[in-house]
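Colleague: Provided below are the primary sequence and the corresponding predicted coordinates.
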Amino acid sequence: SKAAARLTAQFAGHTVEKTYWALVSGDVSPASGRLVGYVKKDERHRKMHWAAVAQEGAQEARLSYRVLGATPLGTLLEVLLETGRKHQIRLQLAHEGWPVIGDRKYGSQAMFPQGVALHSRRLVFTHPTRDERLDLVAPLPASWAKARLE
């Protein structure tokens with residue numbers, strides 16, 4: 001329970017680094033940047049909505065991104081989360097005109113072999129008992145083979 005509490009504190013304190021890869025449609029410009037805004041739950045339609053300004057029930061959402069390159073399926077982005085809101089990456093990228101491929105809920109017209117083209121690539125945190133930094137990298141799932149990334 002002590003280890004779980006320490007890990008929870010790291011997430012709450014935003015000291016865990018969370019990196020995602022996303023294949024998106026659209027012209028990503030500029031090639032790197034930071035997106036800040038607000039997201040609000042819509043329980044009735046089981047999705048999130050974008051809000052440019054703070055409003056009742058909305059939570060701030062922050063991320064940074066950079067283009068890693070072009071693939072046969074779309075543009076590959078690396079996304080670093082500063083906050084971890086429900087559907088945050090999918091919603092913020094779609095709001096910019098770069099929907100995640102396969103994400104029909106947030107406007108993608110392109111299909112992806114399985115689900116949406118969003119991959120939790122890397123997690124960096126401090127081990128809760130050994131006090132050493134761990135850097136975990138997840139291999140790409142087989143459904144990403146057509147993107148020819150690795």
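Modeller: Here it is on my side, so go on.

Colleague: for the protein, longest helix please?
Modeller: Taking residue count as the measure and DSSP state H as the definition, the longest helix of the chain comes out as helix 2-12.

Colleague: wasn't Leu93 part of a helix?
Modeller: Yes: in this structure, Leu93 lies within a helix as judged by DSSP: H, G, I helix; E, B strand; the rest coil.

Colleague: pretty sure it is touching Ala22, no?
Modeller: Yes: applying Cβ atoms under 8 Å as the test, Leu93 and Ala22 come out as touching, 6.4 Å apart. For glycine as for every other residue, the C-beta is placed from the backbone atoms N, C-alpha and C.

Colleague: who touches Arg90 in this structure?
Modeller: The neighbourhood of Arg90, defined by Cβ atoms under 8 Å, 6 or more residues apart in numbering, consists of Pro99, Val100, Asp103, Lys105, Tyr106, Val116, Leu118.

Colleague: filter those residues down to just the ones in strands.
Modeller: Mapping these onto strands (DSSP state E) picks out Leu118.

Colleague: closest to Phe11 out of the contacts of Arg90?
Modeller: Checking the contacts of Arg90 against Phe11 with Cβ to Cβ, the nearest one is Leu118 at 19.2 Å.

Colleague: got any residues that touch both of Leu93 and Ala22?
Modeller: The contact sets of Leu93 and Ala22 overlap at Leu77, Val79, Val100 (Cβ under 8 Å, 6+ apart).

Colleague: let me know the helix or strand that Val36 is in.
Modeller: Counting by DSSP states H and E, the secondary-structure element that holds Val36 is strand 32-42.

Colleague: contacts for the helix or strand following that strand?
Modeller: Towards the C-terminus, the helix or strand next in line after strand 32-42, according to DSSP H and E, is strand 47-51. Contact partners of strand 47-51, identified using Cβ under 8 Å, 6+ apart, comprise 37-42, 58, 85-88, 91-92, 95, 105-106.

Colleague: find the nearest non-adjacent residue to the residue nearest to the spatial centre of the chain, please.
Modeller: Among the residues of the chain, the smallest C-alpha distance to the mean C-alpha position (Cα atoms, centre = their mean) belongs to Ile89, namely 3.8 Å. Nearest residue to Ile89, sequence neighbours excluded (Cβ to Cβ, 6 or more residues apart in numbering): Val79, at 5.5 Å.

Colleague: much appreciated, bye for now.
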